[in-house]
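Asker: Okay, predicted coordinates and the sequence, questions at the end:
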Amino acid sequence: MSDLFDQSPGTRPDRTGEAPRPLADRLRPQTLSEVIGQEQILGPDAPLSTMLESGALSSLILWGPPGVGKTTIARLLAHETDLHFVQISAIFTGVQELRKVFDAARMRRQNGQGTLLFVDEIHRFNKAQQDGFLPHMEDGTILLVGATTENPSFELNAALLSRAQVMVLNRLDLARMELLAQRAESEVGRKLPLDPRAREALQEMADGDGRALLNLIEQVMGWKIEGTLDVAALNKRLTKRATHYDKSGEEHYNLISALHKSVRGSDPDAALYWFARMLAGGEDPRFLARRITRMAVEDIGLADPQAQTHCIDAWETYERLGSPEGELALANAVVYLALAPKSNAAYVAYKAAMDAARKSGSEPPPKIIRNAPTKLMKEQGYGDGYQYDHDAEDGFSGQNYFPDGMKRGVYYVPVERGHERELKKRLDYFNKLRLQRNG
């Protein structure tokens, strides 16, 4: 294994005669106090700081987006604890390589030297490979620090998670990106040739990724220009970084949840924002059409019966027009839903009725409402006493339609909003008549 990935703490490879190092490498923090952001795990009394102060560092899973310091923190932890640092990637490491890593760590341990094994993209290992770490973690051969951009709850084995603490790293906000930009300017020895708005636009292009920002800064610093560039000039020279979005991963579910809750919360602006974020990330508009229709059924229901129709029409419009014109129809539906009166009364009633149906088993309908197409059925009393509602006063008989002996269920409770206000009046009216006609 090369000395670049297998280092004693505090040592660096000899780079004499090499090409100039990238800016991101030159600015790599030398101590944990130099790490920008991540105060939630590195600040005073934060989990990692507490572990280091007590001398009880445990195995860790560092979970966060790209470019926020996972690798740097792992290296610095090894330095702080005098552990030998070994870095591998789950993408390029097989069983044979892992065995060599464990054997070398075991030899070091026998010689009194511990090993911090940093595994990048640890979620790429399959279940069997993840299980292979367990005995070496338990006997102290390695202290494992895994890095992942995916939710560990979905991607890592429960056995591995039970032996490691998950530390969540956050994307860098603009204030911290600005601090990183200032460090870069100090390292290079001159200011970025950008006006204030272009400077902010450059940071936005990096989308919370510190490494990406430093790479962009290095590009800009290499340009031979006079004066400063504005946003338009910057955009001509740089391509905006693709938004981080995984259509099958946690980010997908986070964004659709944000869209759904914004609609439920009657906030059309937030709903449109999350809708646009998903489209910009490459989400299939048909998936969005389906989920928007579900919102109409689940969160608006009978408070506005037109909401569901509006969504179906928008879905059909998209199918006829395609992208990008058809996406406007879906956007219209999002705004309509956000501003529609809300009710989940029918949804709650449906779930309650399903629960009652499971509990009541095979209870038959009362005989008065059973069909009697044969003589035998008539002799058994099927249909006896049934009152034809159209012949009853007010078109309502008030008969019992639940199974005999079953307590009458109350599942649908309409709200005093939108069209359901009228439905509540009808329901109250029929309940009153039912009480009168049944004594």
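Answerer: Yep, it's here. Numbering: from 1, shown residues only.
Asker: Skipping adjacent residues, who's closest to Ala352 in space?
Answerer: Excluding the flanking residues, the one nearest Ala352 by C-beta to C-beta, 6 or more residues apart in numbering is Tyr411, at 4.3 Å. Heads up, the C-betas are built off the backbone N, CA and C, glycines and all.
Asker: Around that neighbour, how many other residues sit close by?
Answerer: Look at Tyr411: counted by other C-beta atoms under 10 Å, it has 15 neighbours.
Asker: got a pLDDT number for it?
Answerer: pLDDT, Tyr411: 90.
Asker: And what about it, helix, strand or coil?
Answerer: Here Tyr411 takes the coil state, with states given by DSSP: H, G, I helix; E, B strand; the rest coil.
Asker: ok but Leu435 is inside a strand, no?
Answerer: No - under three-state DSSP, Leu435 sits outside any strand and is assigned helix.
Asker: burial count for it?
Answerer: Neighbours of Leu435 (other C-beta under 10 Å): 10.
Asker: From Phe396, how far off is it?
Answerer: For Leu435, the distance to Phe396 (C-beta to C-beta, to the nearest Å) stands at 12 Å.
Asker: Tell me who's in contact with Lys367.
Answerer: Gln380, Gly381, Tyr382, Gly383, Asp384, Asp404 (C-beta atoms under 8 Å, 6 or more residues apart in numbering).
Asker: quick one: the closest residue to the last one other than its chain neighbours from Pro20, how far?
Answerer: In other words, Asp404. Closest residue to Asp404 in three dimensions, ignoring its sequence neighbours and counting by C-beta to C-beta, 6+ apart: Pro366, at 4.9 Å. Distance of Pro366 to Pro20, given as C-beta to C-beta: 88 Å.
Asker: for Ala340, same thing?
Answerer: Ala340 is 59 Å from Pro20, by C-beta to C-beta.
Asker: and those two? which has more neighbours close in?
Answerer: Ala340 (23 against 8).
Asker: Quick check: Asn170 touching Val68?
Answerer: Yes - shown here, Asn170 and Val68 form a contact pair, counting by C-beta atoms under 8 Å, at 6.7 Å.
Asker: Mutual contacts of those two, please.
Answerer: What both Asn170 and Val68 touch, as defined by C-beta under 8 Å, 6+ apart, is the set Gly37, Gln38.
Asker: Isn't Arg437 up against Ser397?
Answerer: Yes - counting by C-beta under 8 Å, Arg437 does reach Ser397; the two are 7.2 Å apart.
Asker: Of those two, give the one with the bigger neighbour count.
Answerer: Neighbours were counted for Arg437 and for Ser397 using other C-beta under 10 Å; Ser397 has more, 19 against 15.
Asker: Figure out the helix or strand that that one lives in.
Answerer: Element membership of Ser397, judged by DSSP states H and E, is empty: it is in no helix or strand.
Asker: For it, which residues are in contact?
Answerer: Gln387, Tyr388, Asp389, Arg437.
Asker: What is the neighbour count of the third one?
Answerer: Spelled out, that is Asp389. 12.
Asker: List the buried residues for stretch 221-233?
Answerer: Met221, Leu229, Ala233 (16 or more other C-beta atoms under 10 Å).
Asker: Stretch 400-419 now?
Answerer: By 16+ other C-beta under 10 Å, the buried positions in stretch 400-419 come out as Tyr412, Pro414, Val415, Arg417, Gly418, His419.
Asker: What segments of the stretch 51-200 of the chain are strands?
Answerer: 60-63, 84-89, 115-120, 143-148, 165-168 (DSSP state E, counting those that start in this stretch).
Asker: Let me have the ones you listed in TSV, extended by mean pLDDT.
Answerer: TSV is the format used below for the strands of the stretch 51-200 of the chain (pLDDT from 0 to 100):
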stretch	mean pLDDT
strand 60-63	95
strand 84-89	95
strand 115-120	96
strand 143-148	95
strand 165-168	93
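Asker: and these as a markdown table, adding distance to Asn344?
Answerer: Converted to a markdown table, the strands of the stretch 51-200 of the chain look like this (distance: least, C-beta to C-beta, whole Å):
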| stretch | distance to Asn344 |
| --- | --- |
| strand 60-63 | 33 |
| strand 84-89 | 46 |
| strand 115-120 | 44 |
| strand 143-148 | 36 |
| strand 165-168 | 32 |
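Asker: Would you mind giving those strands as a markdown table with mean neighbour count added?
Answerer: Shown next, in a markdown table, are these (neighbours: other C-beta atoms under 10 Å):
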| stretch | mean neighbour count |
| --- | --- |
| strand 60-63 | 25 |
| strand 84-89 | 19 |
| strand 115-120 | 25 |
| strand 143-148 | 24 |
| strand 165-168 | 16 |
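Asker: which residues does Gly67 contact?
Answerer: Gly67 makes contacts with Leu172, Ala206, Gly208, Asp209, Gly210, Arg211, Ala212, Leu213, as judged by C-beta under 8 Å, 6+ apart.
Asker: Spatially, what comes nearest to it if we skip its sequence neighbours?
Answerer: Nearest non-adjacent residue to Gly67 (C-beta to C-beta, 6+ apart): Asp209, at 3.2 Å.
Asker: Likewise for Glu121?
Answerer: Ala90 (4.6 Å).
Asker: Model confidence at that neighbour, what's the number?
Answerer: 90.
Asker: and it, how many neighbours?
Answerer: With other C-beta under 10 Å as criterion, Ala90 counts 20.
Asker: Okay, it and Arg408: tell me how far apart.
Answerer: Ala90 is 59 Å from Arg408, by C-beta to C-beta.
Asker: Please consider this matter closed, and thank you.
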